[in-house]
Structures are given as structure tokens and as C-alpha cells.
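Enquirer: coordinates only, sequence not included:
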Ligand code: E4P
């Protein structure tokens, strides 16, 4: 399972890129608004820093508008930009048109297996089931990820499943067990994934015992 960071904060992105584990970035208008930066500057810098796909959200209500936005974003680097298209009839129209143009899409705000099927049929590069938001309303968010992976494998679609709206490290473990192709993970969760109390006490013990070894 590849790891993306769900962030628009360039410091966080640079930091995680330096760990050598980062395969891409997902952003959304909420995350970009937290940076206080103009959208284009923010996304352009992320695209420059990161090797893999960078998802940026289209906000037009209709397919024509989404396609226009997508073409403009693709000018930054069409091999790196994936345009996030909200699930819906206009979104599906946009995805199928963009697939024909070779522009990557990430169908977002996905909450059901039927939505995954439709996005895959339309030619989405990525589909993003939102786990945390389903858990928040007492639905099993991970079940959608499991169903998405199963149906994509069964019907041999090329769409990749991004486990999104991840809230804690156990979500990442469950996304792995579900066979998600990618998990997009907030910075604070990535930091928690690195740590384990037994690692910390183990490092301290080895360090302390190293000091006791005679130097000659
Ligand atoms: C994914 O692409 C979204 O940006 C993100 O995972 C949404 O997460 P949230 O439900 O925590 O806002």
C-alpha cells in the first residue's frame, strides 16, 4: 500500500518527503484554506516538491467547468496532477472526458460501493472512499474500502483505491488489511505511525547499555 499525505502544508509535506516513504499528496479546499496561501502558489510548490501524484480539487458545479479547471491544473504537470472530482452525475461526465484526454482524476466524497463502481466505469484514475466521515455517522467506513478493492479486482478495473478521511493509525492498518492501493494520511497520524513505546524504551536501554561497554 502506497502512502500519500493528506495536507496542503508545505512544511509537513517536505518533512514527510524526507522520510523516503511519500508517494503522493491529496489536498482539498479546507486544507488549502488552513495554509492562508493562494491556491495556485500552494499547489505549484507541492507539485515541485513531491515525486508522485498531487490531487487538487475542482470546484465547478458542472462538467464543463470541471474539465476546464482540470486542463488548467494539468498545465502545471500533467504527469503529476490528479484532479479531484466530486462524485455526482456532472462529476462522472467530467471524469470520462478527462480520461479520454489522459488527465488523471481522483473521484472524491465517495461513500458507497455503487459510487466506486460508477467512478471506475467512468475511467477514474483514483477513487477515494472517506472512512472517517462514515465512522462519524456510525457506519463502517472501512467496509466501503473492502468492497471497493474487491469489486475493482473482480471486474479488473484499473482504478486505484485511496483510503481517505483517515483519523488514526488503526485506520491505516485496516486499510492495509482491506488491500487499499493507497492510504492518504494526515501528518499527525503519520507521526503516530512511526512511534511505539517499546521502540522508545528499547532505544534508551541499548543507548544506556552501550555506555557501560568498556571503551578498550
Ligand atoms: C481526501 O482526499 C480528503 O482530503 C480527506 O481525506 C478528507 O478527510 P476529512 O474527512 O478528515 O476531512
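Expert: Looks like it arrived, so ask away. What you see is a predicted model, and the numbers here were worked out from it, not measured in a lab.
Enquirer: Close to the ligand: what parts of this structure are there?
Expert: Neighbours of the ligand within the chain, by C-beta under 6 Å from any ligand atom: 6, 26, 28, 108, 128, 130, 132-133, 164-165, 184. In short, each C-beta sits where N, CA and C put it, glycine included.
Enquirer: repeat that for 8 Å
Expert: Counting by C-beta under 8 Å from any ligand atom, the residues of the chain close to the ligand are 6, 26-28, 30-31, 55, 84, 106, 108, 128, 130, 132-133, 162, 164-167, 184, 186.
Enquirer: Now find how far off-centre the strand or helix carrying residue 47 is within its chain.
Expert: Per DSSP states H and E, residue 47 falls inside helix 39-49. Between the centre of helix 39-49 and the centre of its chain there are 16 Å (C-alpha atoms, centre = their mean, to the nearest Å).
Enquirer: longest helix of this structure?
Expert: helix 197-212 (DSSP state H).
Enquirer: which residues in this protein form strands?
Expert: Assigned by DSSP state E, the chain shows strands spanning 2-6, 22-26, 54-57, 81-86, 104-110, 126-129, 160-163, 182-185.
Enquirer: pLDDT score for the residue nearest the centre of the chain?
Expert: Residue closest to the mean C-alpha point of the chain, counted by C-alpha atoms, centre = their mean, is residue 184 at 3.2 Å. pLDDT recorded at residue 184 is 98.
Enquirer: who touches it in this structure?
Expert: 3-6, 24, 26, 128, 162-164, 166 (C-beta atoms under 8 Å, 6 or more residues apart in numbering).
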